[in-house]
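Colleague: task: produce atomic coordinates for the following.
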Amino acid sequence: MKHTHTLLKSALVALALSVAGQVQAQTTDAKMNTFVSALMGKMTLEEKIGQLNLLTPGGGVLTGSVVSSDVEAKISKGNVGGLFGVIGVEKIRQAQELAVTKSRLKIPLIFGSDVIHGYKTTFPIPLGLSCSWDLPLIEHSARLAATEASADGLCWVYSPMVDIARDPRWGRVAEGSGEDTYLGSKIAAAMVHGYQGNRLGDKNSVMACVKHFALYGAAEAGRDYNTTDMSRIKMYEYYLPPYKAAIDAGAGSVMTSFNEIDGIPATANKWLLTDLLRKQWGFKGFVVTDYTAINEMMAHGLGNLQTVSALALKAGVDMDMVGEGFVTTLQQSLKEHKVTLTEINDACRRVLEAKYKLGLFEDPYRYCNTATATKEVLSADKRQAARELGARSCVLLKNDRQTLPLKKSGTIALVGPLANNKSNMLGTWAVSGDAQLSVPVLDGMKQVAGSGVNILYAKGANISDDTSFAKKVNVFGERIDIDTRTPEQLLTEALTTAAKADVVVAVVGEASEMSGEAASRSDIGIPESQRKLLAALAQTGKPLVVVLMSGRPLTLTTENEQATSLLEVWFQGHEAGNAIADVLFGNYNPSGKLTMSFPRNVGQIPIYYNYKNTGRPQPEGPTQKFRSNYLDVANDPLFPFGYGLSYTTFKYEGLTLSANKISGGKTIDVAFKLTNTGAYAGEEIVQLYLRDQEASVTRPVKELKDFQKIKLQPGESKTVHFTIDKEKLSFFNSQLQWVAEPGTFDLMIGASSADIRLKETFELL
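Modeller: Okay, the predicted model is just below:
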């Protein structure tokens, strides 16, 4: 009885807290509505439209001025709602002063920026970070970024990017979390929680902006900004869930994508922005376009600037990024009855509500404390976090003869164009990071290895020898530097260096801007200059450790054969050299697992683990005629989703299910024993996959439905539990209803999508 009384008391307390929270939220909303309504009652039409205008400073900045004189004049007139691209407390304070002292109603600006993987302290690119499968750590990275960015004056970040991507030719896979819907949804929610913290308006909280809504990651041919076309069931099942997860986590804003959906660009798509986002999902925040997305709809063939601006507003867009279509055309469109005053008012209200939630009306300078900025920006704790995040992002793809970890003795030849290169350590979209503050691999290895190791360095090759290609990549500064020495001289130096060493470590891959926005590639191999280097190093017969930097999966069939060990490190940010050295020398045992499949060649693309069977699937064994095959390559990827090795080994055994049938609201407990059977402490990411054997619509061969990251000491065992419930068995049927249909399910637990260690079946009644 005492236990029952305690449970009842706890339940009543929880209910009381929930009710109190709802009452408080309603009170806060009521106060906000009253405030915003009163403010809007004073605003002119021009001022309302001005709130929908988001600008970035251009060229011609005057001495001592924050922004160009043209933008200053627009702020003073109340024709600007927000700015992005203004970095630093003092500059943001000066711009805010213009708004709150010069404009008639003194409405503060909202300040945003592309905080993609850290702010000034740069963390691993999101694709790399996702390979940690560590949700608390990922959330912590966003929390640190929010703390640093808000300390430096910002209150709005254009992140997370949650686009599902199955085509590594698309450069922006670097900004996302890979190919899987379930994992992508979990990471999307974690990032939003990290950015926004406990409450919007806290001084270390920033408003998240979920992007790119929607389907941007499915651009045809992997070419950026290209057409996207897919069925509704594919949208709902695979591509939309991460956006919804971010909305459910409380994201305050959403950014539209450049692509079209059902023949209508996302920025003018009312079904997407109003019917789905607001009505179905209940989104209460505001919608901003991507850079000049309204103007670009003219090239799509939807009409002139006035027409496309009206279409965007009517679809549900609230803020126009840079294009100024709203401020130049909406008044005329209102006169011509092409838009309504209600539509303008609704957009204005949502922008003002965002500013209210951020506390800007209470204190326009709440994010502009110089002392806080000095304390938080590039602080030691953030640099240390960058190092830890980097090590946990590494994925060990191959490790023959236990070449890794390296011994802290002997002689190591460190070669490659990325081995001593600060310019490329941060990766793409590190807009506020200073690359010259990064730690290159050479420095990191020297620091971690200590005095017992003799490290010899040679560049060995240029990232690319192609000057025209280098010019395209170097648009934001020199990322591909072409040495004054000839390629032959560089290679000779590398081979001479390798001859003196016990082991060779080659750091190769992409320059940072070979992936990212507008960085699609039709050939996703390592450039020819580096392929020649690796081939020559492999011929030496020395153990060859290939450290691969990239912003996407690459085609590595030859390199995988040449390398003794292969370590994918992505782009790790400021602490790259230290983090990579921690892994190479065994200070940290790599635990990362791929979140995106690595194809054998580009002809396999798109390639992903949760594909559907055809009516003629290729069975295991030799290739058969009249089956779904290639003549020249296997169907499976080189490295599959969920794959990653460790310096230790793990044994899976003893799978048990608490029941083999499930009905109603009941659950099944899944348990098995995991044992570290190797010599190193390590973490294993155990993955649970399900397959619906028979359904009203075709189902994938397997789907990730849960995972855990388990740390074990050598010889240690742990019983791992998963819970199967009806939600994990549900899917979207042909009517787009979320249903769970009776039938038999395959349960698979493994170390990757292709390495299933334990299997069982159960039935949904």
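
Colleague: so what are the sheet partners of the strand or helix carrying Asp706 and their directions?
Modeller: Per DSSP states H and E: Asp706 is located in strand 703-712. Strand 703-712 has the following strand partners under DSSP bridges: strand 682-692 (antiparallel).

Colleague: pLDDT of the partner strand, averaged?
Modeller: Strand 682-692 shows a mean pLDDT of 98.

Colleague: and if you look at stretch 178-190?
Modeller: 98.

Colleague: for that stretch, which outside residues touch it?
Modeller: 127, 130, 133, 135-136, 138-139, 142, 160, 162, 164-166, 176-177, 210, 237-239, 241-246, 248-249, 594-597, 608-610, 641, 703-707 (CB atoms under 8 Å, 6 or more residues apart in numbering). No exception for glycine: its C-beta is placed from N, CA and C like everyone else's.

Colleague: contacts only, for the one residue sitting closest to the centre of the chain.
Modeller: In the chain, the centroid-proximal residue (CA atoms, centre = their mean) is Gly176; its distance is 2.9 Å. Gly176 is in contact with 126-127, 130, 161-165, 184, 217, counting by CB under 8 Å, 6+ apart.

Colleague: run the last query once more with 7 Å
Modeller: 126-127, 161-163, 165, 217 (CB atoms under 7 Å, 6 or more residues apart in numbering).

Colleague: what of Ala740?
Modeller: Contacts of Ala740 by CB under 7 Å, 6+ apart are 726, 729-730, 764.

Colleague: what separation do you get for it and Asn733?
Modeller: As judged by CB to CB, to the nearest Å, Ala740 and Asn733 stand 10 Å apart.

Colleague: just the strands in the stretch 51-200 of the chain please.
Modeller: Applying DSSP state E, counting those that start in this stretch to the stretch 51-200 of the chain gives strands spanning 53-55, 82-84, 110-113, 156-157.

Colleague: output the below-cut-off pLDDT ranges for the protein.
Modeller: 1-25, 58-69 (pLDDT under 70).

Colleague: and it, what are its domains?
Modeller: The record, using automatic domain parsing to delimit domains, assigns the chain the ranges 6-42, 380-596, 650-764.

Colleague: so which of those domains is the most packed in?
Modeller: Highest mean neighbour count among the domains of the chain (mean count of other CB atoms under 10 Å): domain 380-596, with a mean of 21.

Colleague: now do that one: distance from first to last residue.
Modeller: With CA to CA, to the nearest Å applied, domain 380-596 spans 32 Å between its terminal residues.

Colleague: what does stretch 565-581 give?
Modeller: 14 Å.

Colleague: likewise stretch 256-270?
Modeller: 12 Å.

Colleague: try stretch 448-456
Modeller: By CA to CA, one end of stretch 448-456 lies 15 Å from the other end.

Colleague: still on that earlier bit, make TSV out of the domains of the chain and add distance to Ala371.
Modeller: Shown next, in TSV, are the domains of the chain (distance: least, CB to CB, whole Å):
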stretch	distance to Ala371
domain 6-42	29
domain 380-596	17
domain 650-764	38
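
Colleague: would you mind checking the contacts of stretch 178-190 for buried ones?
Modeller: Buried subset of these (neighbour count, 16 or more other CB atoms under 10 Å): 127, 130, 133, 135, 138-139, 142, 160, 162, 164-166, 176-177, 210, 237-239, 241-246, 248-249, 594-597, 608-610, 641, 703-707.
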